[in-house]
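[1] okay, predicted coordinates and the sequence, questions at the end:
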Amino acid sequence: MDKRLVFDSIPEQFDKWRVRYNPALFSYIKEICKLTKDKSCLEIGPGTGQASDFAIQSGCDYLAIELGENLTEKMKEKYSSYDNFHIVNADFETYDFGNKKFDLIYSAAAIQWIDEDIAYRRVYDLLKDGGILAMLLMRSEYQSDNPALYDEIQLVYDKYFVTEQPYTQKFDYMNGINYGLTFIEEKSFPGKRVYDAKEHNEYLGTHSTHIRLKEEYKDLFYNGVRDAVIKHGNKIVFNDDYVVYLYKK
């Protein structure tokens, strides 16, 4: 299976548990690119819409390109009532956009699945002069609020986390300057999440590497993590940073 399709196997779970970003981040992007109904935008790899509402609801001419067929159908189910919503089930690396150009191209934790050279070159060609590239990602940690729990979960990882296909994506978010884009800034917005043991396991099950866990280790891994969380008060707290890298053509 194409490693880029790993999430397409769990559209409902993905939609329920994948993290939504701090709304202030989206407001910031809208302010930077003046996103209105007179503008056009392309979202690369929307998943099931974790970062899509702000763009679609702005009234802009919104197009998403999503490789996963099941994820595409989920997007249609959620957003087809919007007249400005459009999506294609296709590969960004090879899809022919014709003469279409965009005021905003953005991606939330998806562009790193694309070959870096292809990604930057295609984005540059597809942006209008003055257009904005926004690349979003999340950094999170749970050690500072749960040090003992963190140590115990790491032991479970050390013992049972054996995957079929390790995550090997390499993408330099600061490399846009080498493709003719002007770097604006890297900006982060804080967030916090709290899960119980069951919720945390559901969330873990949406991670690409965890989806690829070898079958004989899955129960041992998830039971071990669950038991650790229950032992430490049945609560795990994540401190998040929602990060955006901004470029201008």
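    Sure thing, it's come through.

[2] ok so Glu91 is a helix residue?
    Check again: residue 91 is Asp, not Glu. No. With DSSP: H, G, I helix; E, B strand; the rest coil as the criterion, Asp91 is coil rather than part of a helix.

[3] how close does the residue nearest to it when sequence neighbours are not counted get to Arg20?
    By the measure of Cβ to Cβ, 6 or more residues apart in numbering, the closest residue to Asp91 outside its immediate chain neighbours is Leu67, 5.6 Å from it. No exception for glycine: its C-beta is placed from N, CA and C like everyone else's. If you measure Leu67 against Arg20 using Cβ to Cβ, to the nearest Å, the figure is 21 Å.

[4] show me where the chain has helices.
    Listed from the start of the chain, the chain has helices (DSSP state H) covering 11-17, 23-33, 53-57, 69-79, 116-126, 147-160, 197-204, 208-211, 215-231.

[5] mean pLDDT lowest where, among those helices?
    Looking over the helices of the chain, mean pLDDT reaches its minimum on helix 208-211, with a mean of 87.

[6] for that one, buried residues please.
    Buried residues in helix 208-211, counted by 16 or more other Cβ atoms under 10 Å: 208, 210-211.

[7] which residues touch the spatially most central residue of the chain?
    Nearest residue to the geometric centre of the chain (Cα atoms, centre = their mean): Ala109, 3.0 Å. Remark: with contacts taken as Cβ atoms under 8 Å, 6 or more residues apart in numbering, Ala109 is in contact with 136-138.

[8] how about 10 Å then?
    Contacts here follow Cβ atoms under 10 Å, 6 or more residues apart in numbering; on that basis Ala109 touches 18-19, 21, 45, 47, 50-51, 135-138, 243.

[9] quick revisit: dump the buried residues of helix 208-211 into JSON lines; add distance to Leu104 as well.
    JSON lines is the format used below for those (distance: Cβ to Cβ, whole Å):
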{"residue": "Ser208", "distance to Leu104": "26"}
{"residue": "His210", "distance to Leu104": "32"}
{"residue": "Ile211", "distance to Leu104": "30"}
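
[10] quick one: which of these is nearest to Pro11?
    Nearest to Pro11, judged by Cβ to Cβ, of the buried residues of helix 208-211 is Ile211 at 12.4 Å.

[11] and the nearest residue to the closest one once chain neighbours are set aside, how far is that from Asp172?
    The spatial neighbour of Ile211 that comes closest, neighbours along the chain excluded (Cβ to Cβ, 6+ apart), is Val6 at 5.4 Å. Using Cβ to Cβ, we find Val6 at a distance of 22 Å from Asp172.

[12] and the two? Which one has more around it.
    Regarding Val6 and Asp172, a neighbour count based on other Cβ atoms under 10 Å identifies Val6 as having more, with 20 against 10.

[13] what residues are up against that one?
    68, 113, 165, 167, 206-212.

[14] reformat the residues you listed as a markdown table; add distance to Leu25.
    As requested, the contacts of Val6 are exported to a markdown table (distance: Cβ to Cβ, whole Å):
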| residue | distance to Leu25 |
| --- | --- |
| Gly68 | 24 |
| Trp113 | 20 |
| Gln165 | 31 |
| Tyr167 | 24 |
| Thr206 | 20 |
| His207 | 21 |
| Ser208 | 22 |
| Thr209 | 25 |
| His210 | 25 |
| Ile211 | 26 |
| Arg212 | 29 |
